[in-house]
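J.: generate a structure from the sequence data that follows.
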Amino acid sequence: MDNNILWYENPATDFNQALPIGNGRIGGMVYGGVANELIHLNEDSVWSGGKRNRNNPNSLEHLQEIRNLLFEENIEDAERLAFTYMQGVTPNSRHYMPLGDLFLDMSNVEESSGYKRSLDISNAIAVTEFTSNGVKYLRTAFVSEPDGVMVIHIEGDKPNSINVSAHIDGRDDYFDDSRPYDKQTILYTGGTGGKDGISFASALTVIQSGGEVYTVGGKLCVKDADEVTYILSAQTSYRTEDYEQSALLDCEYARDSIYDELLYRHVQDYQELFNRVSFTLNDNSHGASKLPTDKRIERLKNGDVNTKDNTLYALYFNFGRYLMISASREGTLPMNLQGIWNKDMWPAWGCRFTVNINTEMNYWCAENCNLSECHVPLFDLIEKMRPNGRETAKTMYDCKGFVCHHNTDLWGDTAPQDLWIPATIWPMGSAWLCLHIFEHYLYTLDLDFLKEKYPTLKECAEFFVDYLIEDKQGRLVTCPSVSPENTYLTEKGTKGSLCIAPSMDSQIITVLFNSVIESAKILGKEDDFTDTLKSMRDKLPKIEVGKYGQIKEWAIDYDEIEIGHRHISQLFALYPADLISPYKTPELSKSAKATLERRLSHGGGHTGWSRAWIVNMWSRLLDSQKVEENLYMLLAHSTNSNMFDNHPPFQIDGNFGGTAGIAESLMQSHSGEINLLPSLAPSWENGSVSGLKARGNFEISIDWKDNLLTSAKIVSNCGGVCKVRPNCDVKVLCNGKNVQTTIEDGVISFYTHIGDAYSIIRV
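T.: A predicted model of the protein is given here:
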């Protein structure tokens, strides 16, 4: 069985078994039914309403009082005031919603045999195959980015064997309608309600070989055909006023091509991205790799950490890349809590962009997995947030710059979200998001991109120049804020979340200021503002060790109410940041390890995304055994049978965090050096990876045997000095000739030329 295929012996019975297809904008969850097929439909801009202003006009007049109460450690009164005057006007921003459901009914199919459904992530196609009444049927589904449509192709191995009807149904909460448009097309239209809701249209047309096409009510039917291709489009008022006509035109243009042409363009487009990276591992499953995917996952779940199935981890890694390509393309919205795949009118947490880790985690593997283009929708959302964030910064805090709290939506809403003390009043969302801008530059060295985005970085930092205040020790601190979603206990026995200077805040601001200062240096824009950032950076709270030997989560060494909490915010410095590392800060690394062990010994990592974050942190701590143990826990206990991450419920960030963690175990490129096989799982004895991207725009391929590097290749896309930590004795060749190198503390340095490939050979 191809290790890039998920496959099953039965149709899906619920969402967590169905298979995802998508092109970044249109998504589908394919159930693989026999006589009756269901595909849940999504379009990334179908949200619950229009743009609105939720900034609380009473916030500013009470800000100083809240700060004073916090400095007096009067936590209860501070939280009471904050949640009276600082919460959003209406607590919730807009939420994500489904487009509808596509039903295919094959009236002549009765009993079936030889059933199999699969998702080929090499080609991004879902296939259902079975035999009924002596006819072998093959149903193929994909969503094409080049043609902007979903395609469902049905064929039988005997003439005139296909009889099928198709219709789109909505949800009770929608004002929707389904009707024939012409003899070969039906049009489904609706809206999410209210004068400012999103209106949408989905057109469904058909091409058939043999037989006849007709409509019955809102159904599009085919009788006695040899071959059938349904084409589905979707457009919304978010992108165009003439969304109905746009949807119809998308179908009309796609109908000009035969199925093979649609398939060819789709596969070519997809593979240009997917084939950049390849990952293989030795098969140690003793035959389990030949089992259906759900049974392989169940085998892990019923086993223990010693249950091996290396190729399942390789499949999981490749599936993460598949999801990225299928859910985030240039011109689309970024991925929300479920990517683009959501069946619920009121999904968990609104299926928004939750920016106190989840949205950021969605993009952790974009750069090192060589999918920089897929990162672009996140940058577009940041730009959408800027004008709203300016208004929030001015209204709530009387600050310049722009700010966002812990959630945003398709309109870039920046006001506080929810009425939840552990999360709502956290003014760091825009800052964490903006760190992705400089990360993208570090990987691509795209100077034009940095020039374009520098004003965004600078404006984000401007907010904190105004927002930070001095504490009693003369440090510059955030106030009020929270350590995301956690609750502490004071020495007096008071429980609280609102606080002064949670550790993550200071770490994020340190990295933000560093990014602005470095960007200004690169662009020749150093000025009084960057001098201000340098002086302020020196007054930010430093990373400190607490009474348990752990990295402190709050400025005061409070105890946690929930020691095994899913957020491990104080270790932002370890990952995704680079403020703690075994080579630069060995003592802090020991405390980071103690922090993880304390969390895990009290039940931490119980959500999929949290476990994925833990994988990345152990990888940064160079602990191969812990990487393997936590990857096992991620797949065995936080992965659904369709390989979607399970929070529970389904939440896609764990998939991308897990994919990033695998990449980090194979290659790291922070700290100005490329570290080869830094935390390779012990069971991954033999394998190879090609096409990973390192900071500095180096492309990395690695081969290993018996857990030891045999060779690596580094392609230099921008030239310049390359620093490599090979963790063994090596020689460096280019075009068969030795390359002059210098060695210091186990790191080899050599100069590279643009476009040249450099071989690292173990000696």
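J.: can you list the strands that the helix or strand of the chain with the lowest mean pLDDT pairs with?
T.: Lowest mean confidence among the helices and strands of the chain (mean pLDDT, DSSP states H and E): strand 177-182, at a mean of 90. Within its sheet, strand 177-182 is paired with strand 185-191 (antiparallel), according to DSSP bridges.
J.: and the next helix-or-strand element following the strand it pairs with, what does it pack against?
T.: Beyond strand 185-191 on the C-terminal side, the first helix or strand identified by DSSP states H and E is strand 199-209. Here strand 199-209 touches strand 36-43, strand 162-169, strand 185-191, strand 219-225, strand 227-236, helix 243-255, going by 3 or more C-beta pairs under 8 Å, 6 or more residues apart in numbering; DSSP states H and E. Where C-beta positions appear, they are placed from N, C-alpha and C, glycine not excepted.
J.: low-confidence regions, the stretch 651-763 of the chain specifically.
T.: Judged against pLDDT under 70, the stretch 651-763 of the chain has no low-scoring part.
J.: compare the helices and strands packed on strand 199-209 and give me the one nearest Ile543.
T.: Evaluated over the helices and strands packed on strand 199-209, closeness to Ile543 peaks at strand 36-43, with 41.3 Å, by C-beta to C-beta.
J.: angle of that closest one against strand 227-236?
T.: 30 degrees (axes from the mean of the first three to the mean of the last three C-alpha atoms, to 10 degrees).
J.: any idea how far strand 36-43 is from the chain center?
T.: Using C-alpha atoms, centre = their mean, to the nearest Å, the distance from the centre of strand 36-43 to the centre of the chain it belongs to is 22 Å.
J.: for that strand, packing partners?
T.: Under the contact rule (3+ C-beta pairs under 8 Å, 6+ apart), strand 36-43 is packed against strand 26-30, strand 100-106, strand 149-156, strand 199-209, strand 227-236.
J.: given the fourth one, what are its sheet partners and their directions?
T.: When pairing is defined by DSSP bridges, strand 199-209 lines up against strand 185-191 (antiparallel), strand 227-236 (antiparallel).
J.: and among those strands, the most buried is which?
T.: Neighbour counts (mean count of other C-beta atoms under 10 Å) averaged over each of the strands paired with strand 199-209 peak at strand 227-236, with a mean of 25.
J.: just the CA trace of that strand, in CSV.
T.: Extracted C-alpha coordinates of strand 227-236, given in CSV (Å, rounded to 0.1, in the frame of the first residue of the first chain):
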residue,chain,number,x,y,z
GLU,A,227,-19.7,8.4,-17.1
VAL,A,228,-20.7,11.4,-15.1
THR,A,229,-18.8,14.5,-13.9
TYR,A,230,-20.5,16.9,-11.4
ILE,A,231,-18.9,20.3,-11.0
LEU,A,232,-19.7,22.4,-8.0
SER,A,233,-18.8,26.1,-7.4
ALA,A,234,-19.3,28.5,-4.6
GLN,A,235,-19.0,32.3,-4.2
THR,A,236,-20.1,34.7,-1.5
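J.: residue numbering should commence at 54 henceforth.
T.: Noted, 54 is the first residue going forward, which turns the last one into strand 280-289.
J.: avg pLDDT for it?
T.: Averaging pLDDT along strand 280-289 gives 98.
J.: ok, now stretch 449-463?
T.: 98.
J.: so the least confident helix or strand of the chain versus helix 296-308, what angle?
T.: 50 degrees.
J.: so what touches strand 230-235?
T.: The contact list for strand 230-235, computed with C-beta atoms under 8 Å, 6 or more residues apart in numbering, reads 220-223, 239-243, 256, 268, 270-271, 273, 301.
J.: could you count how many residues lie near Glu182?
T.: For Glu182, the neighbour count with other C-beta atoms under 10 Å is 16.
J.: helix or strand right after the one helix or strand it maps to?
T.: According to DSSP H and E, Glu182 maps onto strand 178-185. For strand 178-185, the following helix or strand on the C-terminal side (DSSP H and E) is strand 188-197.
J.: give the pairing partners of that following strand; include direction for each.
T.: Here, using DSSP bridges, strand 188-197 pairs with strand 178-185 (antiparallel), strand 202-209 (antiparallel).
J.: show me the one of these that comes nearest Ala65.
T.: The nearest among those, by C-beta to C-beta, is strand 178-185 at 10.2 Å.
J.: tilt between that closest one and strand 79-83?
T.: Using the same axes, to 10 degrees: strand 178-185 against strand 79-83 is 30 degrees.
J.: same question for strand 178-185, mean pLDDT?
T.: 97.
J.: which outside residues touch that strand?
T.: So strand 178-185 is contacted by 64, 72, 74, 83, 85-87, 90, 161-173, 189-195, 316, 319-320 (C-beta under 8 Å, 6+ apart).
J.: same question, stretch 346-358
T.: With C-beta under 8 Å, 6+ apart as the test, stretch 346-358 has contacts from 59-61, 70, 338, 341-342, 344, 360, 362, 365, 368, 681-682, 685-686, 688-690, 692-696.
J.: derive a PyMOL selection command for the buried subset of those.
T.: A single PyMOL command selects the buried members of those (16 or more other C-beta atoms under 10 Å):
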select buried, resi 59+60+61+70+338+341+342+344+362+365+368+681+682+685+686+688+689+692+693+694+695+696
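J.: can you tell me which one of the contacts of strand 230-235 sits lowest on pLDDT?
T.: Minimum pLDDT across the contacts of strand 230-235 is recorded for Gly223, with 81.
J.: now it: closest residue in space that isn't a chain neighbour?
T.: Nearest residue to Gly223 in three dimensions, chain neighbours excluded: Asp229, at 3.7 Å (C-beta to C-beta, 6 or more residues apart in numbering).
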